[in-house]
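> Dropping the sequence and predicted coords here.
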Number of protein chains: 2
Amino acid sequence: MQLPKPLGHLLGQTMRIFKHKLTSKFKANNIDLSLDFFLILLQLYNREDVTQQDLSNQLQRDKSIVLRQVNTLLDKRIVVRLPDKIDKRKKNLILTQKGYELLLEAKEISRNLSDELLAGLSETEVNSFFKVLQTIQENSGLEEDQWYC
Amino acid sequence: MQLPKPLGHLLGQTMRIFKHKLTSKFKANNIDLSLDFFLILLQLYNREDVTQQDLSNQLQRDKSIVLRQVNTLLDKRIVVRLPDKIDKRKKNLILTQKGYELLLEAKEISRNLSDELLAGLSETEVNSFFKVLQTIQENSGLEEDQWYC
DNA sequence: AACATATAGTTGACTTCGTCAACTACATGG
DNA sequence: CCATGTAGTTGACGAAGTCAACTATATGTT
């Protein structure tokens, strides 16, 4: 399969654009979140048993990065870190009410931005797009739980 | 258009996977390049009139980042920085022979990785994928030359 | 029970990326 | 000649990412 431009270039550019657009829209709406923090909050949405190790696997970041990012979310009173009742090594991360409300706003903005960026494309095209991203992740041979072994 | 997962999440994950895979393959082949450096070299491929400002626009990075990255490419003897003959403000960036050979190897590896990650997808799907990425960039309303105005 | 091994979290050191503001040198148009 | 714009450079700083070591707890084996 020949791409007109290298895959890394295309993905990198698009990612950069999305990141810049999203953070500037967040700022415009007085939402003090980076894309990375937003992705963390999304993982905590409507769940109560998420640990930092889970985030490290799902977001594919070193657990030390996750730790520090969670620390700043704690400082901002957006999440709380509670010891797991069964396994004392684990800490469960839970959204505060403030965090939940912030996330709802952020999700709305993110969805609007997606609509804006995907405007003019057919459903078929967007579905293919999604399928390709999915396939890339599957072809990478990385299961969610084998990141940073 | 509804995506199963937020666009930022999908793009971020895929980008991360690609980046990690590519740099580890580079390492395995003794190629001392990050994805960022690779993308810079791609822009210099078979061209002689590329300036740092051009790179800043095309790669959408602040010119100070480009400057420092070019500096380390200079240290590695991969590119040279020559004053432009007409406009004395500009500096042209040119691949050395070493840089050219390195780039050829890197391109090969990058192409193989793309093939590996896109395996099992139809040409139609990959074309849609490319079109969607293209459209996102167009819908973002950013022209190449208005980055960091 | 004692032991080795594995997992979750934490910390420190260090590099690179990204942002921003200020600055120099040169170009261009009135 | 002067105002304005552009290309490159520098410094400061915060955030992201890498890596290795460490603590505490859990789990499996003999």
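Looks like it came in fine.

> residues in chain A within reach of DNA strand C, list them.
Contacts of chain A with DNA strand C, taken as C-beta under 7 Å from any atom of the strand, map to A:16, A:20, A:51-54, A:56, A:63-64, A:67-68, A:70, A:81, A:87, A:89-91. The way it works is simple: take the backbone N, C-alpha and C, and place the C-beta from them, glycine included.

> what's the pLDDT at the spatially most central residue of chain A?
Per C-alpha atoms, centre = their mean, the C-alpha nearest to the average position across chain A is that of A:Leu39, at 2.2 Å. Looking at A:Leu39, its pLDDT reads 96.

> Tell me which residues touch it, please.
A:Leu59, B:Gly8, B:His9, B:Gly12 (C-beta atoms under 8 Å, 6 or more residues apart in numbering or on different chains).

> quick one: it is in a helix?
Yes. Going by DSSP: H, G, I helix; E, B strand; the rest coil, the assignment for A:Leu39 places it inside a helix.

> ok so, going back, any of the residues of chain A next to DNA strand C buried? List them.
Buried by 16 or more other C-beta atoms under 10 Å in any protein chain shown: A:Arg16, A:Thr51, A:Gln52, A:Gln53, A:Asp54, A:Ser56, A:Val70, A:Lys90, A:Lys91, out of the residues of chain A next to DNA strand C.

> And the furthest pair within those residues?
Using C-beta to C-beta, the pair of these lying farthest apart is A:Arg16 and A:Lys90, separated by 34.8 Å.

> can you name the two of the contacts of A:Leu39 that are farthest apart?
Checking the contacts of A:Leu39 with C-beta to C-beta, the most distant pair is A:Leu59 and B:Gly8, at 11.6 Å.

> Now do the strands in chain A.
Counting by DSSP state E, chain A has these strands, from start to end: A:79-83, A:91-95.

> can you tell me if the last one touches DNA strand D.
I take that to be strand A:91-95. No. Judged by C-beta under 7 Å from any atom of the strand, strand A:91-95 and DNA strand D are separated, with a smallest distance of 11.0 Å.

> can I get the strands of chain A in a markdown table with mean pLDDT?
Shown next, in a markdown table, are the strands of chain A (pLDDT from 0 to 100):
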| stretch | mean pLDDT |
| --- | --- |
| strand A:79-83 | 96 |
| strand A:91-95 | 97 |
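
> Export those strands as CSV, with columns for distance to B:Phe130.
As requested, those are arranged in CSV below (distance: least, C-beta to C-beta, whole Å):
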stretch, distance to B:Phe130
strand A:79-83, 38
strand A:91-95, 37
